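Enquirer: Dropping the sequence and predicted coords here.
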Amino acid sequence: AQSVTQLGSHVSVSEGALVLLRCNYSSSVPPYLFWYVQYPNQGLQLLLKYTTGATLVKGINGFEAEFKKSETSFHLTKPSAHMSDAAEYFCATLFTSGTYKYIFGTGTRLKVLA
Amino acid sequence: EAGVAQSPRYKIIEKRQSVAFWCNPISGHATLYWYQQILGQGPKLLIQFQNNGVVDDSQLPKDRFSAERLKGVDSTLKIQPAKLEDSAVYLCASSSAGAGNEQFFGPGTRLTVL
C-alpha cells in the first residue's frame, strides 16, 4: 500500500541550529511530494512541493527539501532554526497512478529551544 | 483573496447525535477536499470533489458520513449518527483543478463526541 513515513514524532533543536525533518515514501511511481506546516488551531500551510524537474526545492521561511529517488526520501531542512518555526510539520504525497490521492504522514512536532 | 472558510470552529455533541460542517472554498477552485485529522495523526482524506462530482470517497464511512457539494461551490459534511471515535478536527481544503496544485486549507472544525 502507498504510504508516507515521518521518522520522529517530536524533534527538538536549539535556536540557530540545523533543522532536519525526515520523510520517506513508498511508491513504484515517482510521486508529487509536499511539506506542510500547521500552527496551533490553524489549518495547514504549504511550505514547498516537488512535482518534476530540479530535485532540490526551496520553500517559504528558509526551508528546503531534496527529492532522492534512490532513497525514496524527501527530507526537510533549514540551516538555522528560529523560535517561530515551532509547529507541526507534515509530509504528504500525491500518488498519480490511477486516480490521484493525497496521503499525509503522521507529522513531526518541532520544538525550538532558546 | 479570501481563504477557505469553515464553520463551526468547535462542536461538542453526544454519541448518536447528528452534526454537520460547512465549507466555503476559495472562489474559482474546482477541487474541494474533506479531511479527518485525529489527534496525533496526519490528515486522512475522506472525500474529494471536482466541481460537484465525487472523485474519491474510498475512505468515507458511508454508513454514517455523507457529503455534498451542490452547485460546485460550498460543501457540507454530515455525520449521522456520531460515534466516540469521530472526535477529530475536520479540515476542508480547496485547489484549482489539476494534479499537484496547492491545496489551501481552512482552519478546521474541532468535533468532540461525548
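Expert: Perfect, I can see it now. Numbers count the residues shown, from 1 in each chain, chains lettered A, B, ... in the order given.
Enquirer: looking at this, residue A:49 is in a strand?
Expert: Yes: according to DSSP: H, G, I helix; E, B strand; the rest coil, the state of residue A:49 is that of a strand.
Enquirer: Was I right to think it contacts residue A:63?
Expert: No: the criterion here is Cβ atoms under 8 Å, and residue A:49 misses it with residue A:63 at 11.5 Å. C-beta here means a position set from N, CA and C on the backbone, and glycine is covered the same way.
Enquirer: hey, what's in contact with both of these two?
Expert: Residues touching both residue A:49 and residue A:63 by Cβ atoms under 8 Å, 6 or more residues apart in numbering or on different chains: residue A:35.
Enquirer: what ranges of the chain fall below the confidence cut-off?
Expert: Here I'm looking at chain A. Scanning chain A with the threshold set as pLDDT under 70 gives A:1, A:28-30, A:96-100.
Enquirer: oops, chain B please
Expert: In chain B, residues with pLDDT under 70: B:1.
Enquirer: tell me which parts of it are close to chain A?
Expert: Contacts of chain B with chain A, taken as Cβ under 8 Å from any Cβ of the partner chain, map to B:4, B:33, B:35, B:40-45, B:55-56, B:91, B:93, B:99-100, B:102-103, B:105-108.
Enquirer: Give me the buried subset of those.
Expert: Neighbour counting by 16 or more other Cβ atoms under 10 Å in any protein chain shown classes B:4, B:33, B:35, B:42-45, B:56, B:91, B:93, B:100, B:103, B:105-108 among the residues of chain B next to chain A as buried.
Enquirer: Let's see which of those residues end up in strands.
Expert: In strands, defined here by DSSP state E, the members of these are B:33, B:35, B:44-45, B:56, B:91, B:93, B:105.
Enquirer: List just the nearest of these to residue A:110.
Expert: The shortest approach to residue A:110 among those belongs to residue B:105, at 18.5 Å (Cβ to Cβ).
Enquirer: my guess is that closest one meets residue A:43, correct?
Expert: Yes: counting by Cβ under 8 Å, residue B:105 touches residue A:43, with 3.3 Å between them.
Enquirer: what do those two both touch?
Expert: Joint contacts of residue B:105 and residue A:43 (Cβ under 8 Å, 6+ apart) are B:4, B:91, B:93.
Enquirer: wait, which of the residues you listed is closest to chain A?
Expert: Nearest to chain A among the shared contacts of residue B:105 and residue A:43 is residue B:91, at 6.1 Å by Cβ to the nearest Cβ.
Enquirer: For the closest one, give the beta-bridge partners.
Expert: Beta bridges link residue B:91 to residue B:35 when assigned by DSSP bridges.
Enquirer: does residue A:93 sit in a helix, a strand or a coil?
Expert: Classification of residue A:93 by three-state DSSP places it in strand.
Enquirer: Nearest residue to residue A:114 in space, ignoring adjacent ones along the chain?
Expert: Spatial nearest neighbour of residue A:114, chain neighbours left out: residue A:15 (5.7 Å); criterion: Cβ to Cβ, 6 or more residues apart in numbering or on different chains.
Enquirer: ok, now which ones touch residue 5?
Expert: Since no chain was named, I'll use chain A. A:23-26, A:105.
Enquirer: not quite, I wanted chain B
Expert: Residue B:5 is in contact with B:23-24, B:106, counting by Cβ under 8 Å, 6+ apart.
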